[in-house]
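Q: coordinates for the following, if possible.
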Amino acid sequence: MKRAVIAQHHKCATQLTRLWLEELCELNDLSLFRSHISQDAPSPSHDISLLTNSKYETLADQQAAGFIHVIRSPLSIVASAYYSHRYSHPTQYSPKILEQRNRLAGLPLEEGFEATSSM
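A: Here you go, the predicted structure:
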């Protein structure tokens, strides 16, 4: 099998894709490389590379049998970010998320969406 590359960006169903690909690879005896480091290139020694924070500059000259670029509607990203930052995103490693959560807690939904889109 020639290698395949899945390029994604933060908040583009990266966790769902990772879980799905882990199961796919396990069931089909495929190797999976995954990275959230934007400078990482696809792995030449794995069947599938999942790059969940990809950058065009890093991937522009890569050769792969299959290349999938996952994108998402900007409105959907804002809605997801709002609910994640407001209610569920872990805050212990990111004081910035905690600041955003506290700010969003005091805003009505529409204003919270507007604030999220500018964060």
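
Q: can you tell me what sits against the worst-scoring helix or strand of the chain on mean pLDDT?
A: Ranked by mean pLDDT, DSSP states H and E, the weakest helix or strand in the chain is helix 56-59, scoring a mean of 79. Defining contact as C-beta atoms under 8 Å, 6 or more residues apart in numbering, one finds that helix 56-59 is touched by 5, 7, 38-42, 51. Heads up, the C-betas are built off the backbone N, CA and C, glycines and all.

Q: could you rerun that using 6 Å?
A: 7, 39, 41 (C-beta atoms under 6 Å, 6 or more residues apart in numbering).

Q: narrow those residues to those in strands?
A: Of these, the ones assigned to strands by DSSP state E are Ala7.

Q: save the contacts of helix 56-59 as a markdown table, and put in distance to Arg86 too.
A: Formatted as a markdown table, the contacts of helix 56-59 follow (distance: C-beta to C-beta, whole Å):
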| residue | distance to Arg86 |
| --- | --- |
| Ala7 | 28 |
| Gln39 | 31 |
| Ala41 | 35 |
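
Q: run through the bridge partners of Phe33.
A: Assessed by DSSP bridges, Phe33 has beta-bridge partners Ser49.

Q: quick one: it from Pro90, how far?
A: According to C-beta to C-beta, to the nearest Å, Phe33 and Pro90 sit 25 Å apart.

Q: give me the more crowded residue out of the two.
A: A side-by-side neighbour count of Phe33 and Pro90, using other C-beta atoms under 10 Å, places Phe33 first with 18 against 9.

Q: next, the buried residues of the least confident helix or strand of the chain.
A: 58-59 (16 or more other C-beta atoms under 10 Å).

Q: do the same with stretch 109-119
A: 112-113, 115-116.

Q: correct me, but Arg86 touches Leu104?
A: Yes: between Arg86 and Leu104 a contact is recorded at 4.5 Å, counting by C-beta atoms under 6 Å.
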